[in-house]
Structures are given as C-alpha cells and as structure tokens.
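Enquirer: fold the following and give me the result.
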Amino acid sequence: FTLTTEYEILSGLVGSEMCIRESIEAQPKITIPLGQALGQVLNTLACRTSMALTMPVLRWIFPGAIFLMKLKNAIAGLVALGLAYTGSVQAKPVDIWISSFQDQLYYENMVKLYKEKVDKNFEAKVQAFGFREMPEKLAVSIKTGINPPDVVQLDEVLFGAFLAGEVPFLELGDRIKKAKLDKNIAKSRQSLFAYKGKTYGLPQSLSAMVLYYRTDLFKEMDIDPASLTTWEKLVSTGEKVVKDHGKAMIALDPTYFGILLRQRGSDLFGKDGSVYPDREAAIEVLGWMRKQMESGVGMVPERASIFDPLFFNSAVQFGEVLTVVGADWYGLDMLQQFTPDLKGKWGAMPLPAWKLPNGKLSRRTSTFAGQGLMINKGSKQPDAAWKFIEFVITNKESNARRFLDGNSFPAYTPAWKDERLLQPNEFFSNQKFGELLVKLSPEVPEVVGHPNRAKAIFLFQETFFNSLIYGELKPAEVVDKMKTMLEAAEPGF
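Expert: Have a look, this model is predicted:
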C-alpha cells in the first residue's frame, strides 16, 4: 500500500476508524500472514473517501498513518530477521489442478508418497474438475490471475486451445533433458505437449489404441480374434454376425475419425498447420464409417458416444455389440468402471490394419487423448511443482498404481519392466494386457498439435457426425465444409 504524497495519505485515511470497525466485524475469522493483514488494514483505510476532511479528524489521522506505516516496516524487518535465523518457512501448498474426478484420490496418494519419499514438509492442494470444465476454469484463472494453479493436468485434446498467442505454461525442455526424460518417455509421446519446438508438458499415458472385444460372444459365434488382421476381414466377419445373430460387430464413435486417420499415417492437421492434409484419406475413413452404419456391421450408441454411461448400460450390457476401439485408458478405466459384471468377458487385440493405396498394410494401433502434466507460467513455485511432476512421472510405485488402480498405461518406458504391469489381467480374460501394449508401443503414432485441434474434434462430434452417419451429407461434403470452417476459425478457444 503506497501513497506518494501527503495529500493522498490524508484523503485516503478519511473515515478510517469507522471503516476498520465495519471491516473487522464483517470478516470471517481466518488466519492470514501478518504482513498481509496489515496490508488489508491499510487498504481498508481508503474505503470512505466521501467523508468531510475536518480539523479534528486530521489531528489524529496523520500521526496514525505514520504509525501504521512504521509498524508495518518494523514487523517486516522482524520477519526478515526471523527468516535469517530459521533459514526458511513453510511455503504455501502447491496447487494442483486435475481434469478428472477419478484421478483425485490418485494424486492425493501421490502427495502422501512424495512426502514419505522426498520431502516431508511438502504440502499440496489437489482440486479436480471435469474434462471440459477444466480448460474453462483454467483460462479464466490465467486471464484474471485469480487463484492460479501451480501444476496443471490437461488432456492433449484440450491442450491445443492454449496455444494461440502466448502459451501460459512453463517451457520444460531443459528440465526434461536434465532429468533424461527425453530418453525415457515413449518416443511418439514426447511431442504430445509440444508446439513450435518448445515442450510444455509431460504425458502420463501411452494411449495406445486396441480393439476391445467380448471374448464370450466371440467364443459363442466361433470367431477367432487372430483372424481379424485387416478392417476388410473384420467387416466380412461382421456381415456374417449381422446375418446370423442380429448383432453389430463394432460400435462407432466420432473420435474414430482422427484415430483411423492417424492409423493410416495422416491426421486432422498437418505439421505445416494445414487442415486435413490428406483429403482422400479423410474421405475414405468417413466413407468407411458410414458404410458400416448402413450395413448394420457398425452401430451408433444412443447418445452417439462410446464414452457415455448409457452405452455401457444398454448396448454393451445386453451384448448388442461385439467390439469397440479404445485406448489403454478406455479399458483400464471406463470398461472396468462401467462393466464390472463383465469381468473375464473382455479381451484386447491390435487394431485391424488398413490396406493402403501403396499396397502395404498400415500400423496395428493408433492413439487418442491422454493426460499430461505442466506448470502454469504464473506459478510462484515452479521448482517445487517440477520436482513433484518429475516424481509422479518417474517413480516406480506411481506408475504401477496408475495402471493397477485402473487408469492408464504409463508413457515412462522404464516402468514397463515392472512385472506387475505385465501379469495376466483377470478383467481381460487373464490376458497379459500390459505386454500387448508394450509390443504395440513402437507403432503408436505422433499427434500433430494445433490451436484448433479441440475445435476440429468437437465440431465433427457435435455438428457433422450424425449428418454423415445418417446420410444427410456425403463424406467429401463433410471434409470440405469442416475444412472451410476450421481455416476461418480464430485459433484457440
């Protein structure tokens, strides 16, 4: 609280006695640092500038102002002297914002583990938000500077929305190299939270895509999962399933557009920023999705999402669909959470391959989404935040718990040697699920970041998916309309 002239001091303190009394009576009983409390008192003194400046008032206001200022300076000196003797004081807790309510318990446990293994004085506050609620709250906090977090967990789908203009996250390149994480994070995931040559976050999951299938229904219908090596063979088998059993072979979802494009070696954006760099591949993928819906080989969930609880409680629960495409976290988290009674009736296999125009077969996996950790550029505790992030990413128990407790398969490659991640998994019919993911890891493609990546995903999901699937628009029309809209859109939110 700085007043540069004697007049400002006098006019700012008019009516101060009444202001202070009312302020104290109105405030809840809270504990704040003494320096902050004095600052609040001084600020309160300026709250009634309309009171008349009379001589009786002036007699005591000016000496009072001088006294308060001297008192504040004296206490500040004593605090500094105390710090010199004690060496340090407990800093405010590291504020951790995460974008998953399911993750809250995990991070609270990681704080406890960090205190046990690294720093017993470490304190952190973990706040959980919804997947799409998180970026909105974060954007407001960054813009206003009110209660900004230190550590931010953000999904890669929404990360791009923060890449327009000045990126609000700390650049971590040097820290990553010093910790050798540039060598120990799965190669395809190292650029997930990077943009224009700078890295702003570390990925927590491999997010390798597999085809989840109902082992009980496959057995009943005499389907060998090993025979489904290409999408063509899956469709052929699916046509027989529809004819003989009246069930759908695969659930369809808007996210498949980007997933299948990446499996084919393309993406929603090119590295040069272009929209749908391989137009023909985009049209072919959309055309394939529409054909499966028309033939009955594919089915669209009631709310057009394989992530909606209703999908698990209806089509999945009643055995109306045999397979679904999903990342490691989809099976570990969503399938286990929403279909617990189907334990032992799920399996996982590599994605069927595409036959590419050059005659070769595509990779057998792809990727979509996945959480990452970053540091808010406005953090007052970047070093403490980084040490905690480094611990969460590299600690053996941290990675094991993320997998074993039903979250995701880690992107930190040394963790893949932990036998606990490679054991038979009861939920997946005693299949060695972690072992499958390790085998697929070299084929996981990179994701091309872009400020409008989230827009591209949600635009298709909310505006064009149903029009495509139900025949209102042709695949080429969808691609061209979206391309026009995305090219015209402002970057970011």
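Enquirer: now do the strands in the stretch 201-350 of the chain.
Expert: With strands called from DSSP state E, counting those that start in this stretch, the stretch 201-350 of the chain shows them at 201-203, 209-214, 248-251, 298-299, 321-327, 346-349.
Enquirer: can I get the ones you listed in JSON lines with mean neighbour count and mean pLDDT?
Expert: All C-beta atoms are positioned from the backbone trio N, CA, C, and that covers glycine. Below are the strands of the stretch 201-350 of the chain laid out as JSON lines (neighbours: other C-beta atoms under 10 Å; pLDDT from 0 to 100):
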{"stretch": "strand 201-203", "mean neighbour count": "25", "mean pLDDT": "98"}
{"stretch": "strand 209-214", "mean neighbour count": "24", "mean pLDDT": "98"}
{"stretch": "strand 248-251", "mean neighbour count": "24", "mean pLDDT": "98"}
{"stretch": "strand 298-299", "mean neighbour count": "22", "mean pLDDT": "98"}
{"stretch": "strand 321-327", "mean neighbour count": "25", "mean pLDDT": "98"}
{"stretch": "strand 346-349", "mean neighbour count": "22", "mean pLDDT": "98"}
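Enquirer: Serialize those strands to TSV and add fields for distance to Trp416.
Expert: Output for those, formatted as TSV (distance: least, C-beta to C-beta, whole Å):
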stretch	distance to Trp416
strand 201-203	14
strand 209-214	16
strand 248-251	29
strand 298-299	33
strand 321-327	16
strand 346-349	16
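Enquirer: right, so of the ones you listed, which gets closest to Glu487?
Expert: strand 201-203 (26.9 Å; C-beta to C-beta).
Enquirer: what does the closest one contact?
Expert: 154, 156, 159, 169, 172, 176, 181, 185-186, 189-190, 192-193, 370-374, 389, 393, 411 (C-beta atoms under 8 Å, 6 or more residues apart in numbering).
Enquirer: the strand or helix carrying Arg401 packs against which elements?
Expert: According to DSSP states H and E, Arg401 maps onto helix 396-404. Applying 3 or more C-beta pairs under 8 Å, 6 or more residues apart in numbering; DSSP states H and E, we find helix 396-404 packed against helix 104-117.
Enquirer: packing partners for the helix it packs on?
Expert: strand 94-98, strand 124-128, helix 382-394, helix 396-404.
Enquirer: tell me which of those sits most buried.
Expert: strand 94-98 (a mean of 23; mean count of other C-beta atoms under 10 Å).
Enquirer: given that one, what are its sheet partners and their directions?
Expert: strand 124-128 (parallel), strand 151-155 (parallel) (DSSP bridges).
Enquirer: low-confidence stretches in the stretch 1-150 of the chain?
Expert: Per-residue confidence for the stretch 1-150 of the chain (pLDDT under 70) gives these ranges: 1-91.
Enquirer: how far does the helix holding Arg401 sit from its chain's centre?
Expert: Relative to its chain's centre, helix 396-404 lies at 18 Å (C-alpha atoms, centre = their mean, to the nearest Å).
Enquirer: what's next to it, contact-wise?
Expert: With C-beta under 8 Å, 6+ apart as the criterion, helix 396-404 contacts 106, 109-110, 113, 204-205, 332, 391-392, 408-410, 412, 415, 418, 420-421, 434.
Enquirer: which one of the helices and strands packed on helix 104-117 lies closest to Leu138?
Expert: Among the helices and strands packed on helix 104-117, strand 94-98 sits nearest to Leu138 (C-beta to C-beta), with 6.7 Å.
Enquirer: so of the contacts of strand 201-203, which ones are in helices?
Expert: If you go by DSSP state H, the contacts of strand 201-203 have 156, 159, 176, 181, 389, 393 in helices.
Enquirer: the third one: how many residues sit nearby?
Expert: Translated: Ile176. By other C-beta atoms under 10 Å, 22 other residues sit near Ile176.
Enquirer: if I look at the nearest residue to it once chain neighbours are set aside, how far off is Arg189?
Expert: Nearest non-adjacent residue to Ile176, counting by C-beta to C-beta, 6 or more residues apart in numbering: Asp182, 5.4 Å away. Remark: distance between Asp182 and Arg189 (C-beta to C-beta, to the nearest Å) = 11 Å.
Enquirer: then Leu459?
Expert: 25 Å.
Enquirer: the two: which has the busier surroundings?
Expert: Using other C-beta under 10 Å as the criterion, Leu459 and Arg189 rank with Arg189 on top: 27 against 18.
Enquirer: surely the more buried one touches Thr199?
Expert: No. The criterion here is C-beta atoms under 8 Å, and Arg189 misses it with Thr199 at 11.1 Å.
Enquirer: let me see the contact set for Leu486.
Expert: With C-beta under 8 Å, 6+ apart, Leu486 has these contacts: 275, 452, 455-456, 459.
Enquirer: mind checking which helix or strand it is in?
Expert: helix 475-488.
Enquirer: next one: that helix to chain centre, how far?
Expert: Distance, centroid of helix 475-488 to centroid of chain: 27 Å (C-alpha atoms, centre = their mean).
Enquirer: again with stretch 155-165
Expert: What separates the centre of stretch 155-165 from the centre of its chain is 10 Å, taken as C-alpha atoms, centre = their mean.
Enquirer: could I get the buried residue list for that stretch?
Expert: Within stretch 155-165, the residues that count as buried by 16 or more other C-beta atoms under 10 Å are 155-163.
Enquirer: now, which of those residues sits nearest Phe493?
Expert: Ala161 (5.2 Å).
Enquirer: ok so the closest one is a helix residue?
Expert: Yes. Membership of Ala161 in a helix is supported by DSSP: H, G, I helix; E, B strand; the rest coil.
Enquirer: what sits against it?
Expert: Contacts for Ala161 (C-beta under 8 Å, 6+ apart) come out as 135, 139, 451, 453-455, 492-493.
Enquirer: how about Pro352?
Expert: Contacts of Pro352 (C-beta under 8 Å, 6+ apart): 211, 228-234, 364.
Enquirer: among those residues, the buried ones, what's the ChimeraX command?
Expert: Buried residues within those, by 16+ other C-beta under 10 Å, are selected in ChimeraX with:
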select :211,228,229,230,231,234,364
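Enquirer: any idea which of the contacts of Pro352 is closest to Leu286?
Expert: Taking these together and measuring to Leu286 by C-beta to C-beta, the closest member is Trp231, at 13.9 Å.
Enquirer: for Ser266, see how far away that closest one is.
Expert: In terms of C-beta to C-beta, Trp231 sits 16 Å off from Ser266.
Enquirer: buried ones in the helix holding Leu486?
Expert: By neighbour count on 16+ other C-beta under 10 Å, the buried set for helix 475-488 is 475, 478-480, 482-483, 485-486.
Enquirer: which of those residues lies closest to Lys117?
Expert: Leu486 (45.7 Å).
Enquirer: what subset of the contacts of helix 396-404 is buried?
Expert: Using 16+ other C-beta under 10 Å as the threshold, 106, 110, 113, 204-205, 332, 391-392, 408-410, 412, 415, 418, 421, 434 are the buried ones among the contacts of helix 396-404.
Enquirer: can I get the buried residues of helix 475-488 in TSV with distance to Val300 and pLDDT?
Expert: Shown next, in TSV, are those (distance: C-beta to C-beta, whole Å; pLDDT from 0 to 100):
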residue	distance to Val300	pLDDT
Pro475	16	98
Val478	15	98
Val479	19	98
Asp480	23	98
Met482	19	98
Lys483	24	97
Met485	23	97
Leu486	24	97
